[in-house]
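Visitor: can't give you the sequence, but here's the structure:
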Ligand code: HEM
């Protein structure tokens, strides 16, 4: 009896730690182990921590795993049935429909939009003068929100709307971004959760902007309307010739907008902070930019030549993966590494832990972009590195995200030097994404 009470107390303490910041809940030993069964209250959870295990859960036997309902519950009020959370036939149909929006043939055009939006931001920086300070997590979120809206909806958000969306998302993360005990215990969705009213207000703000974008999209949509993702949604007809349900159009817009900007924004923030902490890496980056660009701004054609810049992004995504964990639920009985996984069990893959695992990485805590340079990168175990996930649910915008972050990092560091406010604490906080808990106030000067 005493033992049960003690175990339950320990489980609750573990959950409380995880609720504040999941990263604190990973014990040191996890960074050495390959499969960890965790009993939390009455449920089993398996932490899968090896490339072979990841391959099995996300790729080989991926059909046996669905996204965990607890996690999906957190996103549903905002994303509805959009691509990020849907399952089965609906997901398959919507994924097939969305793929052309991120086809390689479109990337050159997207690069032009990215560069143009980047230039607008720099014009603002130049006007504010050398040495001004900005919280770059916010700056880059506003920038990438403008970019994704241009690319996917052909819509210019402008200062006011983009701020409203930003505030709504921050509010939403504050109310829904944590793992709720209620979700873990599998309590029904209608039970009020802490923060749900605040979350609803955030969704309303968000929806008001989506409605404006949609109205503009419908007005522009015709026989040969603009060729973008919104146009694809509006032009869609199912097997019976019916258009997409308006609610689903809204959900897909919300999903592509949210999945398509914040991740890129925080990647840039972490990369610039890491560069400041590693002057030797920053010097190599500058050398590459000077050599390849010779003082001009980068364009799409330069990106393949910027191998070191890209390696800085890859290494940033290793140490600070914006999507830091994948939670799945087994649909049927399974076995991983000789261990039985009963149907209904939860499986967690933490890219934070996997990317810092002592068995798969040499000097895992060290920021070393060289490991991603051509020649060295081939030695990395394929599924030890999954910043974009793997298998059927792999990130839809992987190539766009990599292009955008590499191009913007090159544009920024070519011209500017960013330095954190002295003494400012930097702590990674795991919410829906992995963000700096106290932001990144940085001083911006010309290089
Ligand atoms: C550095 C930038 C990015 C990172 C690190 C990232 C990461 C991820 C990850 C890890 C997943 C899989 C989640 C899971 O399996 O549970 C995902 C899914 C997704 N991402 Fe990205 N992403 C990035 C940029 C983008 C961009 C630019 C877009 C815009 C097109 C995008 C759209 C999506 C969508 C729609 C999904 C859901 C796909 C599905 O379930 O079929 N992402 N992303």
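Guide: Perfect, thanks for sending it. Quantities reported herein were computed from a predicted structural model and do not represent experimental measurements.
Visitor: Show me the helices in the stretch 301-447 of the chain, by range?
Guide: 307-319, 351-354, 398-415 (DSSP state H, counting those that start in this stretch).
Visitor: got TSV for the ones you listed, with mean neighbour count too?
Guide: C-beta: built from backbone N, CA, C; applies to glycine. Putting those into TSV (neighbours: other Cβ atoms under 10 Å) gives the following:
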stretch	mean neighbour count
helix 307-319	23
helix 351-354	24
helix 398-415	22
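Visitor: quick one: which of these is nearest residue 270?
Guide: helix 307-319 (5.1 Å; Cβ to Cβ).
Visitor: Just name the shakiest helix or strand of this protein by mean pLDDT.
Guide: The weakest-scoring helix or strand in the chain, judged by mean pLDDT, DSSP states H and E, is helix 181-184 (a mean of 46).
Visitor: mind checking which helix or strand the residue sitting nearest the centre point of the chain is in?
Guide: For the chain, the residue nearest the mean C-alpha position is residue 263 (3.6 Å; Cα atoms, centre = their mean). Assigned by DSSP states H and E, residue 263 belongs to helix 262-277.
Visitor: Skip ahead from that helix and say which helix or strand is next.
Guide: By DSSP H and E, the next helix or strand past helix 262-277 is helix 279-293.
Visitor: which strands and helices sit next to that following helix?
Guide: Helices and strands touching helix 279-293, by 3 or more Cβ pairs under 8 Å, 6 or more residues apart in numbering; DSSP states H and E, are helix 262-277, helix 307-319, helix 398-415.
Visitor: can you put those helices in JSON lines and add distance to residue 150?
Guide: Putting these into JSON lines (distance: least, Cβ to Cβ, whole Å) gives the following:
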{"stretch": "helix 262-277", "distance to residue 150": "14"}
{"stretch": "helix 307-319", "distance to residue 150": "21"}
{"stretch": "helix 398-415", "distance to residue 150": "12"}
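Visitor: neighbours around the closest residue to the ligand within the chain, how many?
Guide: Nearest residue of the chain to the ligand, counting by Cβ to the nearest ligand atom: residue 397, 2.2 Å away. Residue 397 has 22 neighbours, counted by other Cβ atoms under 10 Å.
Visitor: I'd like to know which of the helices of the stretch 301-447 of the chain lies nearest to residue 115.
Guide: helix 398-415 (6.7 Å).
Visitor: and the end-to-end length of stretch 23-36?
Guide: Stretch 23-36 has an end-to-end distance of 16 Å (Cα to Cα, to the nearest Å).
Visitor: Need the helices and strands packed on helix 279-293 in TSV (columns: mean pLDDT).
Guide: Supplementary listing: the helices and strands packed on helix 279-293 in TSV, determined by pLDDT from 0 to 100:
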stretch	mean pLDDT
helix 262-277	98
helix 307-319	98
helix 398-415	98
